[in-house]
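# make a model of this:
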Amino acid sequence: MAGDRVRLVPDDRGGVTVLVDGAPQSHVHPGDPHLLAFEYVAHLALVLRTLTPPPPAPLAVTHVGGAAMTLARWVEATRPGSPQVVLEPDSALTELVRRELPLPRRHRIRVRPVAGEPGTAALRDASADAVVVDAFAGGRVPAGLVTREYLADVARVLRPGGTLLMNLTDEPGLRWVSRVVATVATVATVATAGAEGASYGAPVLLATGEVLKGRRFGNVVLAATRVGGAPLDVAALAREVAREALPTGLRRGADVTRMARSARPLTAADPQPSPAPPGDAWRRT
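As a prediction, the model looks like this:
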């Protein structure tokens, strides 16, 4: 039962934090979808704001991991009518969220009760403008969602110029994130009949300054576009970062390339989940 594992904890702002097995998974304000309390969600939204066409034009977004669907609600609020697919295997959690924190009226958010790998495999080629990978199990990013094979399948689902977004967590030094960066750099989908193979352009990383400088465990957002369309607008992204109220840093270009230089790409034969969070005091906020 979801009630045995899930708690909805209201706060004095009118929002609700969703706890799963004691760990915070989402924060939602039912009356204000623009309020993004978790830093990494604000960083994901920051990238989505820079994508073309600009808001309020709709985008086709696939979310791997849903919980309370905070980002999907934000996309609907800022880009009304966006067709969105949420891959969330915890159907009991989804049922509880739908009942207690209803989605907005006339939305186009479709939740599929399936895990990321099989759910992504069932999606059509070139069907998404953005794919957001934000899924955790036991406080860690599952190993299967960061392999070369899986990210190649995400590239297949993205339209040319479409954007991969990933919420990653790591320890000071960012050695595991470096492996993910190396993996993204080596992705090339196998060309199929009538379709070319796909790869990603150079990724960028967003996080709080403390995380990027290696001072604490925390969240890092990775963004990269599928080659073949307009590349990620890094200049626009830098402007958004400069305007962000949160203490946000942007790592790009040679700084990111150096991270991957000595890192071993993650594959189905050599997978690795993200490091375990350092105890109960840490929160993904």
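
# average pLDDT for stretch 11-27?
For stretch 11-27, mean pLDDT rounds to 88.

# run through who's touching that stretch.
By CB atoms under 8 Å, 6 or more residues apart in numbering, the surrounding residues in contact with stretch 11-27 are 5-10, 28-32, 35-38, 41, 67-70, 90, 93, 97, 100-101, 136, 138-139, 280, 283-285. C-beta coordinates here come from the backbone N, C-alpha and C atoms, glycine included.

# which among the residues you listed end up buried?
6, 8, 28-29, 35-38, 41, 67-70, 90, 93, 97, 101, 136, 139, 284 (16 or more other CB atoms under 10 Å).

# among those, name the ones in helices.
41, 70, 93, 97 (DSSP state H).

# including distance to residue 200, could the residues you listed go into CSV?
Below are those laid out as CSV (distance: CB to CB, whole Å):
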residue, distance to residue 200
41, 22
70, 25
93, 31
97, 32
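
# next, give phi and psi for residue 138.
phi 60, psi 30 (degrees, to the nearest 10).

# show the pLDDT at it.
The per-residue pLDDT of residue 138 was computed as 87.

# likewise residue 127?
97.

# how about the contacts made by the closest residue to it other than its chain neighbours?
Take residue 127 and drop its neighbours on the chain: the residue closest to it by CB to CB, 6 or more residues apart in numbering is residue 157, 5.8 Å away. Counting by CB under 8 Å, 6+ apart, residue 157 makes contact with 62, 120, 123, 124, 125, 126, 127, 128, 131.

# show me what contacts the second one?
In other words, residue 120. 62, 64, 87, 131, 150, 153, 154, 157.

# that's a helix at it, yeah?
Yes: assessed with DSSP: H, G, I helix; E, B strand; the rest coil, residue 120 lies in a helix.

# quick one: it and residue 62, what's the gap?
To residue 62, residue 120 is 8 Å away according to CB to CB, to the nearest Å.

# check which residues of the strand ranked longest in the chain are buried.
Secondary structure of the chain per DSSP state E: the longest strand is strand 158-170. Buried residues in strand 158-170, counted by 16+ other CB under 10 Å: 158, 159, 161, 162, 163, 164, 165, 166, 167, 168, 169, 170.

# ok, now stretch 108-120?
In terms of neighbour count (16+ other CB under 10 Å), stretch 108-120 has its buried residues at 109, 111, 112, 113, 115, 116, 117, 119, 120.

# distance to residue 236 and secondary structure added to those, as TSV?
Output for those, formatted as TSV (distance: CB to CB, whole Å; DSSP: H, G, I helix; E, B strand; the rest coil):
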residue	distance to residue 236	secondary structure
109	26	strand
111	31	strand
112	32	strand
113	36	coil
115	33	coil
116	29	helix
117	32	helix
119	30	helix
120	28	helix
